[in-house]
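Participant: Below are the sequence and a predicted model for it; my questions follow.
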Amino acid sequence: MEFRQKVQDVIINYKRTHNVSRSEMARRLGVPYSSLQDWENGKTMMSAEAFLRLLELTEAPVEQFQPESEATPIPA
């Protein structure tokens, strides 16, 4: 799964589990509604600062966003 899809999943899951609207989540993240809408729809990428705020708000582990190809340990 690519990074954008993972971001979309985190946004959608947070809205569902916390029963908040897109506008409320945007307010909590400190971003415009349209930015959150674009991230949720996979139209644009968020800044590193916005990504960190998303992690903080949703308490999603950063490891969740690691590409699967890099998740395989290298043998010693």
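Facilitator: Arrived safely.
Participant: residues making contact with the helix or strand encompassing Glu56?
Facilitator: Assigned by DSSP states H and E, Glu56 belongs to helix 48-58. The contact list for helix 48-58, computed with Cβ atoms under 8 Å, 6 or more residues apart in numbering, reads 7, 10-11, 13-14, 25, 28-31, 35, 39, 46, 60, 62. Any C-beta I mention is one placed from the backbone N, CA and C, and that applies to glycine too.
Participant: Selecting buried members of the residues you listed in PyMOL, what would you type?
Facilitator: The buried residues among the contacts of helix 48-58 can be selected in PyMOL (16 or more other Cβ atoms under 10 Å) with this line:
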select buried, resi 7+10+11+14+25+28+29+31+35+39+46+60
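Participant: Helices - which of the contacts of helix 48-58 land there?
Facilitator: Those of those mapping onto helices are 7, 10-11, 13-14, 25, 28-29, 35, 39, per DSSP state H.
Participant: Farthest-apart pair in those residues, please.
Facilitator: Spatially, the most separated pair among those is Asn13 and Ser35, at 18.4 Å (Cβ to Cβ).
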